[in-house]
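Undergrad: Provide a 3D model corresponding to the input given below.
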Amino acid sequence: MNTAALFAVVVALVSEAPSPEPPPPASASAQPEVAPAEKPWDWQLGGLPALGYDADNGLLVGAIANLYLHDGETRPYRVALQLQVLITHKLVQDHALKVDALAVGGLPLRLTGSVGWSQSLTQNYCGKGLGVTCDEAVAIAAADERDLIGQAREDFIRRFYLHRFMSPFLTMQGRYALTPLPHRIELFGGWRGAGYIPGTWADDDGDGDADTAPYPGSFYERDFPVGEAGFASVLQAGVMLDTRDNEPSPRRGIWVEASARAATPLWGSTWTWAGANATARLFVPVLDGEAPRRLTFASRSVVDVVVGDPPLQELVRPGGFIEYLSFGGADMGRGVRVQRYVGKYKAFTQAELRWRFVEWEMFGAAFASSLNAVVDVGYVGVDVLDHQARGDVPIGGGAAVLLHWNENFMLRVEVATSAVERFGISPYITLGQSF
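TA: Modelled structure (predicted):
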């Protein structure tokens, strides 16, 4: 689950706003810029009510509070603290406290960390590989075998391809710039720990105990009868090259990275596994100029492999600097239900045409609108060398409208569809470009 990527800011309630332009997120690869000193160690506070929507997780509400510490030199800030409380009407939750520190020790070193809690009652599981169908007829037949009727039958069919879990987590990540822009090379590494608790603390079945188990009779329960309880302790290290001209919405440049990750009981993991990832992003101006004569081609290609025995929620997370779920969902595989395709071998490609068609100024801020045409293609193998359960290669496509505010802030409203989902419409409301 990556619920944090869901939210869309509706109203900004900012006290002593940190900057006319909102700072980039902690996942951006910016290094601090030095500006003339204003006044040392000032602090600023901001708050953001949040509202968003995702085809899989539902309507999201919540709030985000930020505290920025400034040293008068480092931009956009020296240290940022963020508290987020996010929940959807399907009871998907993502609560976290995050810290982002720049120029640590006076070096080109950036450290980020987070601690929090995530929970889902609606995560998809249809099996592994490309051969999955998520066919409702299978769920109906299973309900018939149990002689279910009424509401119990409806609930069973609705939950047949879902699973539920809870997860406390802690992450720490750092990156060190070896060379500056315009050809920045960075080393990055970190650790992520996540506990996985099957089920929920609620007592929906009325037996007097918490339902810390998979949905009874679900497809997930068939493969994991007691769920996957344990702790994932994952170390990762990699290198990246970044030549983008603008990180939030590049017009030209590349951002490529390669990384390796591993989990083992040697550093506290319940499961033993290892993975490698290579990701390349390309941005090429097709029409170069100001709106409406600005058209950019953007692409992201990913190859990710895993060996060993990771739990499902680790298997759906490709490695690399940016964390997301795949294949399927708002990040990778738009138009396809989130993490529909699961496997140890993954190869994905996204392509977008981004047309910036209008710009204007209002209240002393710069605004723009753009339209994206998007296509996502994926291939998933059950194992690295044994791509069993082959099926149709999933392709999703759609369009997005974006509102840009001072370049760094973008609200994206997107719709997508896919033949593997019988061309159902999947809407998304989120922040920023997809990559």
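
Undergrad: got the buried residues for stretch 363-382?
TA: 367-368, 370, 372, 374-382 (16 or more other CB atoms under 10 Å). The C-beta positions use only the backbone N, C-alpha and C, and glycine is treated the same way.

Undergrad: any low-confidence regions in the stretch 251-400 of the chain?
TA: Per-residue confidence for the stretch 251-400 of the chain (pLDDT under 70) gives these ranges: 387-389.

Undergrad: for it, what spans make up the helices?
TA: Listed from the start of the chain, the stretch 251-400 of the chain has helices (DSSP state H, counting those that start in this stretch) covering 312-315.

Undergrad: residue ranges of the strands in it, please?
TA: If you assign secondary structure with DSSP state E, counting those that start in this stretch, the strands in the stretch 251-400 of the chain sit at 253-263, 273-287, 295-308, 345-362, 365-381, 395-405.

Undergrad: contacting residues for Pro225?
TA: Each residue near Pro225 by CB atoms under 8 Å, 6 or more residues apart in numbering is listed here: Pro214.

Undergrad: A strand includes it, no?
TA: No - when classified by DSSP: H, G, I helix; E, B strand; the rest coil, Pro225 is found to be coil rather than part of a strand.

Undergrad: before we move on, could you check phi and psi at it?
TA: Summarising the backbone geometry of Pro225 under the convention degrees, to the nearest 10, its torsions are phi -60, psi -30.

Undergrad: repeat for Met410
TA: Note on Met410: its backbone torsions stand at phi -140, psi 130 [degrees, to the nearest 10].

Undergrad: now it: how far from Tyr53?
TA: Remark: distance between Met410 and Tyr53 (CB to CB, to the nearest Å) = 16 Å.

Undergrad: Assign Ile140 to helix, strand or coil.
TA: helix.

Undergrad: thinking it is in contact with Glu154, fair?
TA: No - counting by CB atoms under 8 Å, Glu154 is not a contact partner of Ile140; they are 10.8 Å apart.

Undergrad: For the residue most central in space within the chain, which non-adjacent residue is closest in space?
TA: The centroid of the chain falls nearest to Tyr324 when counting by CA atoms, centre = their mean (3.2 Å). What sits nearest to Tyr324 in space, not counting adjacent residues and going by CB to CB, 6 or more residues apart in numbering, is Asp331, at 3.7 Å.

Undergrad: mind checking pLDDT for Ala12?
TA: Per-residue confidence at Ala12 stands at 36 (pLDDT).

Undergrad: ah, wrong one, I meant Trp41
TA: Listed pLDDT for Trp41 reads 85.

Undergrad: what's the answer for the one 10 residues further on, then?
TA: As summarised for this prediction, Leu51 has a pLDDT of 86.

Undergrad: repeat for the one 10 residues further on
TA: Turning to Val61, the model gives it a pLDDT of 95.

Undergrad: what do you get for Ser27?
TA: Ser27 carries a pLDDT value of 38.

Undergrad: Could you give the bridge partners of the residue nearest to Val307 when sequence neighbours are not counted?
TA: Sequence neighbours aside, Ala274 is the residue nearest to Val307 in space, at 5.6 Å (criterion: CB to CB, 6+ apart). Judged by DSSP bridges, the bridge partners of Ala274 are Ala262, Val307.

Undergrad: wait, doesn't Ala274 sit right on Val306?
TA: Yes - counting by CB under 8 Å, Ala274 does reach Val306; the two are 7.2 Å apart.

Undergrad: So between the two, which is more surrounded?
TA: Looking at Ala274 and Val306 with other CB atoms under 10 Å, you find the greater number of neighbours at Val306, namely 23 against 17.

Undergrad: Distance of the residue nearest to Tyr324 relative to Trp405?
TA: Asp331 is 22 Å from Trp405, where distance means CB to CB.

Undergrad: More neighbours: which of those two?
TA: Counted by other CB under 10 Å, Asp331 and Trp405 do not tie: Asp331 has more neighbours, with 22 against 18.

Undergrad: surely the more buried one meets Glu323?
TA: No - using CB under 8 Å, Asp331 is not in contact with Glu323, being 9.1 Å away.

Undergrad: Now name the helix or strand holding Ala137.
TA: For Ala137, the element it lies in under DSSP states H and E is helix 136-145.

Undergrad: And the next helix or strand past that helix?
TA: helix 150-159.

Undergrad: I'd like the next helix or strand past that next one.
TA: Downstream of helix 150-159, the next assigned helix or strand under DSSP H and E is strand 162-179.

Undergrad: Check which strands are paired with that next one and give the direction for each one.
TA: For strand 162-179, the paired strands and their directions (DSSP bridges) read strand 109-124 (antiparallel), strand 184-198 (antiparallel).

Undergrad: Among the ones you listed, which comes closest to Phe435?
TA: Distances from Phe435 to each of the strands paired with strand 162-179 were compared using CB to CB; the shortest belongs to strand 184-198, at 16.9 Å.

Undergrad: what's the offset of the closest one from the middle of its chain?
TA: Distance of strand 184-198 from the chain centroid (CA atoms, centre = their mean, to the nearest Å) equals 13 Å.

Undergrad: Over that strand, what's the mean pLDDT, rounded is fine.
TA: Per-residue pLDDT values across strand 184-198 average out to 98.

Undergrad: if we can go back for a sec, just the residues contacting the helix holding Ala137, thanks.
TA: In this structure, residues lying in contact with helix 136-145 by CB under 8 Å, 6+ apart are 153, 156-157, 160-161, 217, 219.
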